Each structure stands twice: as structure tokens, then as C-alpha cells.
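>>> Next come a sequence and a model predicted from it.
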Amino acid sequence: MSTADRTIAEKVRIAATTESHEPAILGCVDCEDKAPIRAIILYPNLGTPLILSPGQNKCSLFIAAEANAERYFGVVPSRELQPTWHFGNLVKETTRGAVFVDRHLRLYPIKEKSKEREPKDTMLFADGKAASRAMEAVDVWQVGRFRGGIMINRLGEPVAIVRHSTAKMYAGLTHIYEIEIDLAKLPPGISLDSMHTFAWMVPVPETFAARPELKGVGAWEYQDQVILEFLDKQVADQQQSHYERLYEFDLTKPPSAMAMPPQKADTTHRLMAWHPVVRGKAPALKIGHLSDVHVNVRQTALAKSPAYLLELPGGQPAPGSPSMPPAANLCNSFIALHGLVEQFAKGGDDVPRADALVITGDLLDFNRNIDPGAVAPNSIVDQWKAFNVLNKVRDRSLYKRGLDDMLVFSLLRHAYRELNMPVFLTTGNHEAYQVPYGISPRQNAWVLASGVLENAGAFDNAPHGLRPVNLDAAGLAGAAAQYKALIAAGKDVDVINGPSGVYADPERASEFSEQKANDGIAADHNLTIYEACLAYGPTYGQVLTAKNYDPGQYD
């Protein structure tokens, strides 16, 4: 057979060495272990699963890959689409992309990804080192640079918007690729009637292999490495403190109002990336919808309180009664959300079964919240002090990141793994809040004073909480002028003491005011005024900081 008569698959087979299924490429040497290609799967992902229609056999994934993928994939200008540009993106074909998809991409049951380091000739299609089946079943296109803006498919159609902060987070990844797979040609035994996950697997680098949370893990997704690197940076950040064990909470039993659910210990259940895919059972999906669920672990801390509620159903328990503390009867948003997800997945008299669930915005209250395990249940006074964010937010053992987040993450994993329920998520303003404050916080004189001082730069680079005012005479005069100007906007300020004098008296942070920071929203919690004061302590009236919003937290 002449060279001109050979198919692409045959050319790849001839180019491949006996040691690897990869084609021989100039500059690719064995000592690099054939240079694993770092990439992340952009779609599907945990909050945007891929649901196949009943008869669908082809599907597309989108990945962002590092620069050397261009050379390995064999990227060439598209013969059909050149020089057509779409939203600043040029679509290009690849000649060998399928070979490396075969090498790196895996499809696992949703329960767990493989932990073992795979031999070099292990492939998605399991057909030998030449990847001939992959060449027939997989097509790959480069569809643009990995940057903020519109992401397109190979036809130039917009499919998503990439946030600038997302691209910044994954430094070193340069281009986006669309991967189309013919699922009918996958090896036997894979049934997408149950939830599965895609994974772009690479070996764990030696610098991470010795970490306790990676014991026995030889292969992972590069995205999992970025997660650990992000958490490592938080350790040195005086503004942050992450919850120590970012492992899934066990939600196979109904959660308790009194304590956080038990955590799973196996490395399989650590915080990591997931990319769910499942086949729908009907052409049209029944969609369940929830919004503004505001998962808040503070409610679990409050449930321990021995305080009696004025509206306690059934009256007060008898002295010495073994019943739970009265505050355990308060609304717990996570318990309610857990119950609703179970109902949507299983169906019942009140809630029909849904094929997929959409949760829109404000999944949690804050990125940082109180640790219920650090709050003693023995005294209302102790709780009240712990809930005073203004004085306690610097306590890294008390106020931590990751608790509300891990409850939501665990519930999603529970929905996929145990309930076979796809879940779509959107973010809201609360996902971007850095630190907690009270519900419907009041814009009293102290709050307004702290806002103008912070905006004038008085607290730059200082940790959240009560901070020394660091402004020269001109800066103080400018802040005072801004403070007085608030009168014209109908704000109630203390002109006599000025912003510095008001801020110096933190007791004034809880003064009542008619003006709310989120004015126009009728209510943001199912609590009576008594329950709200009990639940939030002195924080009820406070806005801790004017600079509480970081759009990067949406990611």
C-alpha cells in the first residue's frame, strides 16, 4: 500500500513506537514520560451536567489545554472554515487529537474515579497502542484561546461564557478544544443510563504524591491539583482559614439540626472535580426548580442553644425533659434543602419526580462562616459572643471558609451518586461575599462611617474586623466630607463625632436603623425578629465591611 493510500489511523499506527501509543513527534522524548498533557474539562462539570437524549450517540465535551497540546494534537488551520472568525475565535482542525483523547480521557461511574496510575498503553477505547478505534470515533477541533469571553463550538455557535477569573485561575492553559465522541463505539459494559463522569487523567506529580490526602492516588485530574494549590494559598492568607478536612459529608441519613453530618474519610471523597453525564429517559425533561436556598452552618451552631423561643410549638418542655434544645426547632436551610432534593429525585404526593433539578443563586450564605464544632452549647452568652463577627472574625479557629460550600458540594455528590439526579447551578451575590454579616444589616451611623473610611483607604491590607484608622489629615477630611454628603441621600449620620469618632465606638455597630443594606427586599430569612436576634447576636445590625464582595468568588 502506498503512503498516499493509507488512512489516518494507519499512519498513526506506523508512527507509533512499540513503547507508546503516541505518534513519534520531534522533541517528544521517553524521559519526559511522553509529556502528559495538562487539561481541564470545562463542560460538562458538577453544576452543568451533560444529559443525553434517549437515542443520542454523539456528544461534545470542551476542554482547556496547555500550549504543547497544539503540537501533540496536530492543530492545522481549518480548510472549510478558514479564514472565518467567530467572536474573536478561529476554529481549527486537529489531525492527531483523537490519539491523546484516547490516552487521557476516561469515563467512570459517578461513585469514584480510578486512583491507580495507569500504564502508558491504557486507553479510553482499550483497543491497543495505535488508538485506531479512537481515530474513527473521536473528532477534535481547536475552537479558540482560553480567555475571558464567549466560548464557541466548531460551528461558531456560542455555547458558554468563560469568566476572566476562571482563565486566570488555570494559568498555563492556552486553548479550548471541542471533543466529539461517538458513544456507540465505546467498549462494552458502559451504560450511561446511570450517572457517569468524564475525567482527563494525568499522573500525580511527585511533589503532591506524599500528601496524606493523596495516599494511594497515582492518577488524578489536573483540575484536582489546582484545587489543592488554591487551598494551600489560603493557609498563608490572614483573611482566610479553611475548614481542615475538605471531605464529603455523609448524607445517606437525614442530617441533624444539632451537629454537622459525619464526614467520609476515604481519599475518594475529598474535594475534587466531577464531570457528570447521564442518558435521559424521555425526550422532554421534567425540571424541578429551587432558588435562594442560603445554606448556613450558623443555624447548626444555634440549634445547640438552651434559649427558649417565644413561638416554640407545643409550649415549653418540662424541666429535665430529654428533648432537644428549643432552638433546634428553628428553620435549618440545609436540612430543608436536603429534604427537597430527595423529594424531587424520588417523587411523592406533594412533589412530583423531576428528571433534573435547577438551583438558581445564593446556594450558601457566605464563603466564610462560623464553625458549629467550635461553639459550645452551654451558654447563651458564649454563643452571643461567638456570633459577634465584628470582634471574632479574626479568630481563624472559629470563622472558617468551606463549611457552607462543602455541605452544598456533598449534597450535589449525593444527588449524583445516590439519586441519579442531574443538578444545574447558577451563582448569586451571596457566593461572592467574603465575610458574614447580619441579616438585613442596618445602615446605621457606624456602618456608614466604616464604609467611607474603608473606601478612603483607611483599612488597606488590614484583616477584617475592628481595624486601626490609617489616614493622614487630608484623607480624614475627605472621608468626613463623603460622610456628610450621605445626608443628602437621606442617610442618618452622626456629624458631630464624624466617621473616625463613630467608628472608634464599636458598640454603635448594632444601633437600630430603619435603613437596610439590601433595602427593597422584604425578608431574607424565615425567622421572627426574636429568632433573628438570637441567631445572629450583635451581628444582626452590622455590616462588617463595605468591601465584602469579590466577583472572583463566583468561580
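Everything's here; your move. Numbers count the residues shown, from 1 in each chain.

>>> Using the three-state scheme, assign residue 139.
strand (DSSP: H, G, I helix; E, B strand; the rest coil).

>>> hang on, isn't it packed against residue 180?
Yes - contact criterion Cβ atoms under 8 Å: residue 139 and residue 180 qualify, at 4.7 Å. (Each C-beta comes from the backbone N, C-alpha and C, glycine too.)

>>> residues shared between the contacts of the two?
Common neighbours of residue 139 and residue 180 are not found (criterion: Cβ atoms under 8 Å, 6 or more residues apart in numbering).

>>> Any chance of the backbone angles for the closest residue to residue 397 other than its chain neighbours?
Excluding the flanking residues, the one nearest residue 397 by Cβ to Cβ, 6 or more residues apart in numbering is residue 374, at 5.9 Å. The phi/psi pair for residue 374 (degrees, to the nearest 10) reads phi -100, psi 0.

>>> repeat for the one 10 residues further on
The main-chain torsion angles of residue 384 are listed as degrees, to the nearest 10 and equal phi -60, psi -40.

>>> which residues does it contact?
Taking Cβ under 8 Å, 6+ apart as the criterion, residue 384 is in contact with 537-538.

>>> For residue 496, the count of nearby residues, please.
A total of 7 residues lie near residue 496 under the criterion other Cβ atoms under 10 Å.

>>> which residues sit in contact with it?
Residues counted as contacts of residue 496 (Cβ under 8 Å, 6+ apart): none.

>>> Model confidence for it, exactly?
What the model reports for residue 496 is a pLDDT of 95.

>>> Run through the helices of the stretch 101-250 of the chain in chain order.
Counting by DSSP state H, counting those that start in this stretch, the segments of the stretch 101-250 of the chain that form helices are 132-137, 164-169, 206-209, 222-235.

>>> right, so these: which one is the most enclosed?
helix 132-137 (a mean of 22; mean count of other Cβ atoms under 10 Å).

>>> Packing partners of that one?
When contacts are defined as 3 or more Cβ pairs under 8 Å, 6 or more residues apart in numbering; DSSP states H and E, helix 132-137 sits against helix 8-15, helix 97-104, strand 173-182.

>>> Comparing those by mean pLDDT, which bottoms out?
helix 8-15 (a mean of 50).

>>> quick check, residue 501 in a helix?
Yes - the assignment for residue 501 is a helix, going by three-state DSSP.

>>> contacting residues around the residue nearest to residue 397?
Contacts of residue 374 (Cβ under 8 Å, 6+ apart): 386, 397-398.

>>> try 10 Å
If a contact means Cβ atoms under 10 Å, 6 or more residues apart in numbering, then residue 374 has 301, 386, 395, 397-400 as its contacts.

>>> Same check on residue 462?
Residue 462 neighbours (Cβ under 10 Å, 6+ apart): 238-239, 454, 468-470.

>>> Name the residues of stretch 123-142 that are buried.
By neighbour count on 16 or more other Cβ atoms under 10 Å, the buried set for stretch 123-142 is 123-125, 127, 129-142.

>>> Now stretch 161-181: buried residues?
162, 166-167, 170, 173-181.

>>> Pull the most distant pair out of those residues.
167 and 181 (24.8 Å; Cβ to Cβ).

>>> Without its sequence neighbours, what residue ends up closest to residue 361?
Once flanking residues are discounted, residue 361 sits nearest to residue 428: 2.9 Å by Cβ to Cβ, 6+ apart.

>>> Based on its surroundings, how many neighbours for that neighbour?
18.

>>> Could you measure from it over to residue 486?
27 Å (Cβ to Cβ, to the nearest Å).

>>> again with residue 326
With Cβ to Cβ as the criterion, residue 326 and residue 486 are 41 Å apart.

>>> One more: residue 328?
Counting by Cβ to Cβ, the gap from residue 328 to residue 486 is 42 Å.

>>> now do residue 257
Distance from residue 257 to residue 486, by Cβ to Cβ: 41 Å.

>>> I'd say residue 112 and residue 417 touch.
Yes - look at residue 112 against residue 417 with Cβ atoms under 10 Å: they come within range, at 8.8 Å.

>>> Next, show the common contact partners of these two.
197, 269.

>>> okay, the two: which has more neighbours?
residue 417 (21 against 14).

>>> Spit out the contact partners of the more buried one.
109-112, 195, 197, 248, 251-252, 269, 274, 276.

>>> Could you rerun that using 7 Å?
Taking Cβ atoms under 7 Å, 6 or more residues apart in numbering, we find residue 417 in contact with 110-111.

>>> Residue 107 bridge partners, please.
Counting by DSSP bridges, residue 107 is bridged to residue 198.

>>> Compute the number of surrounding residues for it.
Residues within reach of residue 107, counting by other Cβ under 10 Å, total 17.

>>> That one against residue 196, yeah?
Yes - counting by Cβ atoms under 7 Å, residue 196 is a contact partner of residue 107 at 5.5 Å.

>>> any low-confidence regions in the stretch 301-450 of the chain?
308-323, 378 (pLDDT under 70).

>>> In it, mark out all the helices, start to finish.
Under DSSP H, counting those that start in this stretch, the stretch 301-450 of the chain gives helices at 333-346, 380-386, 389-392, 403-417, 445-455.

>>> chain center to the fourth one, what's the gap?
The chain centre lies 10 Å from the centre of helix 403-417; the measure is Cα atoms, centre = their mean, to the nearest Å.

>>> Quick one: work out the angle between that helix and helix 333-346.
10 degrees (axes from the mean of the first three to the mean of the last three Cα atoms, to 10 degrees).

>>> Give the rounded mean pLDDT of stretch 42-60.
96.

>>> can you pull the alpha-carbon coordinates of it into PDB?
C-alpha atoms of stretch 42-60 as PDB (Å, rounded to 0.1, in the frame of the first residue of the first chain):
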ATOM      1  CA  LEU A  42     -14.900  22.900  31.100                       C
ATOM      2  CA  TYR A  43     -18.100  21.100  30.100                       C
ATOM      3  CA  PRO A  44     -19.700  19.100  31.500                       C
ATOM      4  CA  ASN A  45     -19.000  20.000  35.100                       C
ATOM      5  CA  LEU A  46     -20.500  19.500  38.600                       C
ATOM      6  CA  GLY A  47     -23.100  22.300  38.200                       C
ATOM      7  CA  THR A  48     -23.700  21.800  34.400                       C
ATOM      8  CA  PRO A  49     -24.100  18.100  33.700                       C
ATOM      9  CA  LEU A  50     -24.500  16.600  30.300                       C
ATOM     10  CA  ILE A  51     -27.900  14.900  29.800                       C
ATOM     11  CA  LEU A  52     -28.100  12.800  26.600                       C
ATOM     12  CA  SER A  53     -31.400  12.300  24.800                       C
ATOM     13  CA  PRO A  54     -32.600   8.700  24.700                       C
ATOM     14  CA  GLY A  55     -31.300   7.900  21.200                       C
ATOM     15  CA  GLN A  56     -28.200  10.200  21.300                       C
ATOM     16  CA  ASN A  57     -24.900   8.600  20.400                       C
ATOM     17  CA  LYS A  58     -22.700  11.600  19.800                       C
ATOM     18  CA  CYS A  59     -21.800  14.200  22.400                       C
ATOM     19  CA  SER A  60     -19.300  17.100  22.700                       C
END
